[in-house]
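Undergrad: build me a model from this:
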Amino acid sequence: MKTIHTSRTVNAMIYAEEFPMGKIKVRQAFPSAQVEFLDPFILLHHAAIDVPEGINQLHEGVGPHPHRGFSPVTFIFKGGVHHRDSRGNNSVIEAGGVQWMNAGMGIIHSERPPANIQELGGKQEIIQMWVNTPAAFKKEQPAYFPRTKAEIPFVLKDEGKARINVVAGSFEGAKSSIPTLSAINAYTLELVAGADFSIAIPEDHNAFIYLLEGEINISGYGKMEALHAATLNKDGEGIHITAKTKVNALLMSGTPLNEPIAAQGPFVMNTEIEIMEAMRDYRMGKMGILIED
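TA: As a prediction, this is how the structure comes out:
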């Protein structure tokens with residue numbers, strides 16, 4: 001366990017504005033007017049969706065669409081998500097779990113409510129995070145890593161008031177089984193009011209924290225409210241948090257790739273030519289076919 005002597009300061013506090021994405025309303029913390037992206041983190045969408053009873057699952061959620069060049073990662077906080085893709089993966093992950101996919105050279109996937117969504121409360125709450133892939137791996141074969149909450153190691157802090165779920169990377173002896181393509185730590189935080197603890201962050205990592213619900217105090221900064229993301233400067237050994245209420249949050253850190261980014265639609269590459277190649281390959285069927293059933 002590493003003791004935090006100096007806390008990182010907050011670079012930007014970003015309110016996640018809501019906007020429609022097809023039938024779904026999502027909150028986008030970044031890209032934003034304040035922060036374009038935080039290398040290697042490209043995009044953060046937070047959605048809380050009420051799923052009506054009696055609907056056709058194949059008409060809800062997000063239908064088949066392609067990706068290339070990055071890892072679309074879906075953290076599930078409420079309900080569940082049914083993932084299908086053009087590589088034959090087909091699984092349902094419920095609250096507390098994650099669907100981590102390295103899109104590589106190209107894959108088509110869909111994310112729908114599971115058939116038992118009403119038994120799970122009739123609500124989906126998720127964060128989708130786009131994690132950039134190093135140029136050397138953008139044309140690798142796609143890979144999909146589903147993990148249930150029971151498969152994600154965790155660490156308890158402050159006499160159990162804080163639970164840190166280690167979705168990717170490691171923390172105080174707990175290590176995730178998900179193989180990331182660059183150095184990434186991803187933690188979901190479940191806190192009760194009064195939880196007071198520190199998390200060390202590698203000095204070369206960019207880092208942010210996003211609050212889905214609740215209110216915390218960040219040492220050296222002050223109050224942070226729900227539906228905000230705080231990006232952190234590289235000027236301390238970690239972050240010290242005090243929960244003022246019940247809190248659900250996502251904290252991620254990663255080594256910046258320091259590579260050029262060309263992003264358009266569902267593709268994140270290094271050059272505009274590679275974007276055009278991705279569009280061509282998708283139209284030609286080189287990313288496979290997904291027929292949902």
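Undergrad: you'd agree residue 125 is in a strand?
TA: Yes: counting by DSSP: H, G, I helix; E, B strand; the rest coil, residue 125 is part of a strand.
Undergrad: ok, residue 39 - how many residues close by?
TA: 15 (other C-beta atoms under 10 Å). The C-beta positions use only the backbone N, C-alpha and C, and glycine is treated the same way.
Undergrad: contacting residues for it?
TA: 132, 206, 254, 256, 257, 258 (C-beta atoms under 8 Å, 6 or more residues apart in numbering).
Undergrad: my guess is residue 136 is in a helix, correct?
TA: Yes: per three-state DSSP, residue 136 lies within a helix segment.
Undergrad: among the contacts of residue 39, name the buried ones.
TA: Among those, those classed as buried by 16 or more other C-beta atoms under 10 Å are 132, 206, 254, 256, 257.
Undergrad: the fourth one and residue 174: what is the separation?
TA: Summarising the geometry, the distance separating residue 256 from residue 174, computed by C-beta to C-beta, to the nearest Å, is 24 Å.
Undergrad: same question, the last one
TA: Residue 257 sits at a distance of 25 Å from residue 174 (criterion: C-beta to C-beta).
Undergrad: thinking again about what came up before, nearest to residue 20 among the contacts of residue 39?
TA: Closest to residue 20 out of those is residue 132 (25.5 Å), distances taken as C-beta to C-beta.
Undergrad: not counting its neighbours along the chain, what's nearest the closest one?
TA: In space, residue 132 comes closest to residue 40 once its chain neighbours are excluded; the distance is 4.1 Å by C-beta to C-beta, 6 or more residues apart in numbering.
Undergrad: so the one you found sits right up against residue 255, yeah?
TA: Yes: with contact defined as C-beta atoms under 8 Å, residue 40 reaches residue 255; the gap is 7.3 Å.
Undergrad: more neighbours: these two, which one.
TA: Each of residue 40 and residue 255 has its neighbours counted (other C-beta under 10 Å); residue 40 has more, 28 against 16.
Undergrad: what pLDDT is listed against that one?
TA: pLDDT recorded at residue 40 is 98.
Undergrad: OK, contacts around it?
TA: Counting by C-beta under 8 Å, 6+ apart, residue 40 touches 131, 132, 182, 184, 206, 254, 255, 256, 257.
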